[in-house]
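Novice: just a sequence and a predicted model for now, questions to come.
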Amino acid sequence: MTQDISTLAKLDVFAKRMAGELRGGEVLALEGPLGAGKTAFVQRLAKHLGVAEKITSPTFTLMHVHAAPHPRIHQLVHFDAYRLKSDAEFTGLGVADYLGKENMVVAIEWADKVTRVLPKGTRRLVFNHTGKKRTVTAT
Amino acid sequence: MRILGIETSCDETSLALVRVERGRFVVEKMLTASQVLIHKKYGGVVPEVAAREHAETIFPVLAKMVNPKRPNVDAIAVTAGPGLITSLRVGVDVGRTLAWLWKKPLVGVNHIEGHIASNWLTNPRVAFPAVALIVSGGHTELLRIKKLGQYELMGATRDDAAGEAFDKTAQLLGLDYPGGPAVSKLAQKGNPRAVKLPRPMIASGDFDFSFSGLKTAVRSVIEAKGKKPKPADVCASFEEAVCEVLVTKTIAAAKKARAKTALLGGGVAANRRLRTLLAAAIKKELPKVRYVEPDLAWTSDNAAMIVAAGYFALQGKRRSDPLMLAPDAGWELGR
C-alpha cells in the first residue's frame, strides 16, 4: 500500500493511523533516501504516542529512547543505522535489549543496512522522494 | 592536583591526564583508542561505531596512561551522559572501579558541559554570564551560563544537528567521510553566493535550529534539471547558510543573556569559516563581549575537556558515589 505524504499534514495523518495500529513490540524498518521523511515520520509518530520529548535525528548519536505515557507502549526507541557498516555494529549497540519487547516500539532509520538482524514480523516502511512528491509504501 | 578523565559517550574511547595548578590546566597526556590500537588489532581499520568495543579498547589505553602500582591520580572525571548507553556504561564502570580501588573522588560529567569546558584548557579569562554555542554531529545547542555549573538551555536543534547536515551534504556530493572537513575543504574553492539556499529559522525569534530542510534543499539543487552547480559552489553556499544561522542566533542569544563572554565548542567548532564569521560578528555587533574558542585539539570528543568540567564540579563540591553513579543517556544540560 502506497500513501501520498507530500505535505506534512498528510504525513501526520499517516503517522496518526500508524500510531493507532501499534500494540507494542513492533519493529518499524524505515527505508528511503536522504530527506525522504524518515525522521519527520518518527517525530509525528512520537507525538501521536504521547511522547513529550523532542525527537531529533539519531544519525550521530545512534539511538534515543523516549518515554511514552501510552497504556501499552511505554517506550519509543529510535535507532539510526546511517553510520553503521555492518550488522555486527548494530548488534553492538545493544539492540537485543529493545527489539520485540512487548511494551516498546522500535523505529529504525536506514534499516536496509541491517536487515539480517531484524526480527520476523518487522514492518517495512519505504519512503520515497521524487521531485515535489513524497510517498511511503508499507509492506 | 592530577585528574584522570574518561570519555566514552559515543565513538571515541578517550583518556586524559590533566594537571591543575592554581586553576590552570596542563594536559599531560591524552590518548584515544584509535591512536593506540590502529596498527595492532584492527590492521588499520577501526570500527567507526565502537559501542561495545569500548569495553575491549579502554584497558590497553588505560595501561598506557597510568602505572597501576603508582597511579598518581587525585581524582577521576567521567562522562555520564548524554550519549549512547552501551558506550557510556563502559567508561562509567571503569571510572567507578578505579575511584573505589584508589579511594579517590569521582565525578560524573555531562558531555555538553565538557564541550563548554574545553574552552578553559587554554586558560582564557572568562567573565559571566556567558553564552555557549555547542555544535557537533549530534548536538546543536545554545546555552546561557550564569556561572560555572549553572546552565540554562536557550535553544537546540529540532531535527538534525549542524554537523549531521555537513555529513549528509558530503554524502549527496559523493565526498568522503567524515563529511564536515571534506565539505569545508571544497568550500574554500567555491563561491558562497553562487547557490541560493535557505537560512532555516533565522528569523524565528527563538534560539532553536532546524537543519533538515537545508539538507533537502541541497539535494534539490544537485538533482535539478539543467546546468549543474559546481560542487565547490554548493559546499561554499551550504557552509555559508549553516554558519550564518549559527552566528545570527548566537549573537541574538548573547544579547538576550546579557553575556560578557561568548564560547564555542564541539566538533563543528573546528570549522574555520564558523570561527571567522563568529569572531567578526561579535567584534562588530557586541564589541564589549569577549569571544573565546577552544584550541582545535579539544573540539572533537576528548577526555581532557571532561577533566576541565570535572575539576569545576569538584571545586563546587559536587561528587559522585562510586557505588552509585549510573550513566544517563538522555541527560540534558540546563533544562
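Specialist: Thanks, I have it. None of these values were measured; they are calculated from a predicted model.
Novice: from here on, just use CA atoms for contacts and neighbour counts.
Specialist: Noted.
Novice: would you mind listing what in the stretch 151-300 of chain B touches chain A?
Specialist: Of all the residues in the stretch 151-300 of chain B, those in contact range of chain A (C-alpha under 8 Å from any C-alpha of the partner chain) are B:157-161, B:164, B:168, B:212-213, B:215-216, B:220.
Novice: out of these, which end up buried?
Specialist: B:157-161, B:164, B:168, B:212-213, B:215-216 (16 or more other C-alpha atoms under 10 Å in any protein chain shown).
Novice: please list all residues in contact with residue 122.
Specialist: Using chain A. For A:Thr122, the residues meeting the contact criterion (C-alpha atoms under 8 Å, 6 or more residues apart in numbering or on different chains) are A:26-29.
Novice: my bad, chain B
Specialist: Contacts of B:Thr122 were listed using C-alpha under 8 Å, 6+ apart, and they are B:25, B:294-295.
Novice: how close does it get to chain A?
Specialist: Distance from B:Thr122 to chain A, counting by C-alpha to the nearest C-alpha, to the nearest Å: 28 Å.
Novice: in the helix or strand bottoming out on mean pLDDT in chain A, which residues are buried?
Specialist: Using mean pLDDT, DSSP states H and E, the weakest-scoring helix or strand in chain A turns out to be helix A:87-92, at a mean of 89. Residues A:89-92 are the ones in helix A:87-92 that count as buried (16+ other C-alpha under 10 Å).
Novice: filter those residues down to the ones close to chain B.
Specialist: Checked against chain B using C-alpha under 8 Å from any C-alpha, these give the following subset in range: A:89, A:92.
Novice: residue ranges with poor pLDDT in the chain?
Specialist: No chain was given, so I picked chain A. Segments of chain A classed as low confidence (criterion: pLDDT under 70) are not present in this model.
Novice: nope, chain B
Specialist: Within chain B, the stretches falling below the threshold (pLDDT under 70) are B:35-51.
Novice: 80 - rerun?
Specialist: Per-residue confidence of chain B (counting by pLDDT under 80) places the weak regions at B:33-53, B:177-178.
Novice: helices of that one, residue ranges please.
Specialist: Using DSSP state H, the helices of chain B run over B:33-37, B:53-65, B:85-102, B:111-117, B:162-172, B:179-187, B:212-223, B:231-256, B:272-285, B:303-315.
Novice: mind listing what's buried along the last one?
Specialist: Along helix B:303-315, these residues count as buried under the neighbour rule (16+ other C-alpha under 10 Å): B:303-311, B:313-314.
Novice: can you give the distance of it from its chain's centre?
Specialist: 14 Å (C-alpha atoms, centre = their mean, to the nearest Å).
Novice: with the fourth one instead?
Specialist: The chain centroid and the centroid of helix B:111-117 are separated by 7 Å under C-alpha atoms, centre = their mean.
Novice: returning to what we had before: distance to A:Pro33 for the residues of the stretch 151-300 of chain B next to chain A - can I get that in CSV?
Specialist: Putting those into CSV (distance: C-alpha to C-alpha, whole Å) gives the following:
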residue, distance to A:Pro33
B:Thr157, 21
B:Arg158, 20
B:Asp159, 16
B:Asp160, 15
B:Ala161, 18
B:Glu164, 15
B:Lys168, 11
B:Ser212, 13
B:Gly213, 14
B:Lys215, 12
B:Thr216, 10
B:Ser220, 13
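Novice: of all those, which comes closest to chain A?
Specialist: For chain A, the nearest member of those is B:Asp159. The distance, counting by C-alpha to the nearest C-alpha, is 4.3 Å.
Novice: for chain A, which strand is longest?
Specialist: Looking only at chain A and at elements set by DSSP state E, the strand with the highest residue count is strand A:123-130.
Novice: which other helices and strands contact it?
Specialist: If you count contacts as 3 or more C-alpha pairs under 8 Å, 6 or more residues apart in numbering or on different chains; DSSP states H and E, strand A:123-130 packs onto strand A:27-31, strand A:133-138.
Novice: quick one: buried residues of that strand?
Specialist: Neighbour-count burial for strand A:123-130, with 16+ other C-alpha under 10 Å as criterion, is recorded at A:123-129.
Novice: repeat for stretch A:31-51
Specialist: Of the residues in stretch A:31-51, those buried under the neighbour-count criterion (16+ other C-alpha under 10 Å) are A:31-32, A:34-51.
Novice: keep only those that also lie close to chain B.
Specialist: Filtering the buried residues of stretch A:31-51 for proximity to chain B (criterion: C-alpha under 8 Å from any C-alpha) leaves A:34-35, A:39.
Novice: next, format these as JSON lines and append secondary structure.
Specialist: Below are these laid out as JSON lines (DSSP: H, G, I helix; E, B strand; the rest coil):
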{"residue": "A:Leu34", "secondary structure": "coil"}
{"residue": "A:Gly35", "secondary structure": "coil"}
{"residue": "A:Thr39", "secondary structure": "helix"}
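Novice: contact partners for the residue in chain A that chain B sits nearest to?
Specialist: Residue nearest to chain B within chain A: A:Thr56 (4.3 Å; C-alpha to the nearest C-alpha). Each residue near A:Thr56 by C-alpha under 8 Å, 6+ apart is listed here: A:39, A:43, B:157-160.
Novice: likewise for A:Thr137?
Specialist: With contacts defined as C-alpha under 8 Å, 6+ apart, the neighbours of A:Thr137 are A:1-3, A:125-127.
Novice: same check on B:Thr13?
Specialist: Under the criterion of C-alpha under 8 Å, 6+ apart, the contact partners of B:Thr13 comprise B:6-7, B:32-34, B:54, B:57-58.
Novice: what's the closest of those residues to chain A?
Specialist: Nearest to chain A among the contacts of B:Thr13, counting by C-alpha to the nearest C-alpha, is B:His54 at 10.3 Å.
Novice: hang on, the closest one packs against B:Arg89?
Specialist: No: with contact taken as C-alpha atoms under 8 Å, B:His54 and B:Arg89 are classed as non-touching, separated by 9.4 Å.
Novice: anything in the longest helix anywhere in chain A near chain B?
Specialist: With residue count as the measure and DSSP H as the assignment, chain A has helix A:8-21 as its longest helix. No: interface with chain B: helix A:8-21 contributes nothing (C-alpha under 8 Å from any C-alpha), its closest point being 12.6 Å away.
Novice: could you say what helices and strands that helix packs with?
Specialist: In terms of contacts (3+ C-alpha pairs under 8 Å, 6+ apart), helix A:8-21 is packed against strand A:2-4, helix A:38-48.
Novice: one step back: quick one: buried ones out of the contacts of B:Thr13?
Specialist: Buried residues within the contacts of B:Thr13, counting neighbours by 16+ other C-alpha under 10 Å: B:6-7, B:32-34, B:54, B:57-58.
Novice: report the buried residues of stretch B:266-280.
Specialist: For stretch B:266-280, the neighbour count (16+ other C-alpha under 10 Å) marks B:266-271, B:273-275, B:277-279 as buried.
Novice: would you turn these into a markdown table with distance to B:Pro129?
Specialist: Written out in a markdown table, the entries for the buried residues of stretch B:266-280 read as follows (distance: C-alpha to C-alpha, whole Å):
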| residue | distance to B:Pro129 |
| --- | --- |
| B:Gly266 | 20 |
| B:Gly267 | 24 |
| B:Val268 | 23 |
| B:Ala269 | 21 |
| B:Ala270 | 24 |
| B:Asn271 | 25 |
| B:Arg273 | 26 |
| B:Leu274 | 22 |
| B:Arg275 | 21 |
| B:Leu277 | 22 |
| B:Leu278 | 18 |
| B:Ala279 | 18 |
